[in-house]
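Participant: got a structure for you, letters missing:
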C-alpha cells in the first residue's frame, strides 16, 4: 500500500469510501429504527412478529456501521474495513429477503408463520386466563396495518434494506480499489 493510498483511507469524505458508506448505512438504519418506533409508540401501529424480526438487521447496522466508520476514520487496515462493510451488506440483503417474504405473506402469495397468520381459534371462556387472553391484541403478519403509495411497511423495509446493501456494496468496491 502506498503512502497516498494509506492517507486516502484515513481521510474523511469522498476519499474515504469506507467511512462514507459505513456512516451512511448507520444513519439510514438509525433513521429507520426511529421511524419504526414512531409508528409503534406514537401512531400505535403495533408490529407483528415478522416486523420485529426485520428490526434485527437495523439493530446490527447502527453500531457496526458506526464502528466501521470510526475505524475507517482512524486508518484501520483495509481487510477489517472490507469485512465490516461486507457484513453490513449481507445483513441488509438478508433483511431485504425477510421483508420480501413478509410482503408476500401480506399479499397472500404464500402462507406466513403459524404464530402470526392463519385462522385465530376461539378457545371460549374457560376461565380467567382465557378471559385475559381475549383482551390481548394479536398483531397478524398477514394483515397490512398501513400502506403508502400501495406499499406496506414490509415493502418499504425491502427498499430501505436494498439501498443500505447497495451503499455498503459501493463501499466494498471502492475500498477494495483504493
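Facilitator: Nice, thanks for sending it over. Here the structure is a predicted model, which is why all the values come from computation and not from measurement. Residues are numbered from 1 along each chain as shown.
Participant: where does residue 44 land on pLDDT?
Facilitator: Residue 44 is assigned a pLDDT of 86 by the prediction.
Participant: Phi first, then psi, for it.
Facilitator: phi 60, psi 40 (degrees, to the nearest 10).
Participant: That one: neighbour count?
Facilitator: For residue 44, the neighbour count with other Cβ atoms under 10 Å is 8. Backbone N, C-alpha and C define where each C-beta goes, glycine included.
Participant: same question, residue 173
Facilitator: 13.
Participant: Report pLDDT for it.
Facilitator: 95.
Participant: For the one helix or strand it maps to, what is the distance to the chain centroid?
Facilitator: For residue 173, the element it lies in under DSSP states H and E is helix 153-177. Averaging C-alpha positions (Cα atoms, centre = their mean, to the nearest Å) puts helix 153-177 11 Å from its chain's average.
Participant: Give me the helices and strands touching that helix, please.
Facilitator: helix 17-41, helix 49-73, helix 78-107 (3 or more Cβ pairs under 8 Å, 6 or more residues apart in numbering; DSSP states H and E).
Participant: List the buried residues of it.
Facilitator: 153-158, 160-162, 164-165, 167-172, 174-175 (16 or more other Cβ atoms under 10 Å).
Participant: so that helix versus helix 78-107, what angle?
Facilitator: 160 degrees (axes from the mean of the first three to the mean of the last three Cα atoms, to 10 degrees).
Participant: Other residues contacting helix 153-177?
Facilitator: Around helix 153-177, the neighbours that count as contacts under Cβ atoms under 8 Å, 6 or more residues apart in numbering are 9, 17-18, 20-22, 24-25, 28-29, 32, 36, 39, 45, 50-51, 54, 57, 61, 78, 81-82, 85-86, 88-89, 92-93, 95-96, 98-100, 102-103, 106, 145-146, 148, 151.
Participant: Wasn't residue 43 part of a helix?
Facilitator: No - assignment of residue 43 by DSSP: H, G, I helix; E, B strand; the rest coil gives coil, placing it outside any helix.
Participant: quick one: it from residue 36, how far?
Facilitator: Computed with Cβ to Cβ, to the nearest Å, the distance linking residue 43 and residue 36 is 11 Å.
Participant: Which of those two has more residues huddled nearby?
Facilitator: Using other Cβ under 10 Å as the criterion, residue 43 and residue 36 rank with residue 36 on top: 19 against 10.
Participant: Cool, thanks, talk later.
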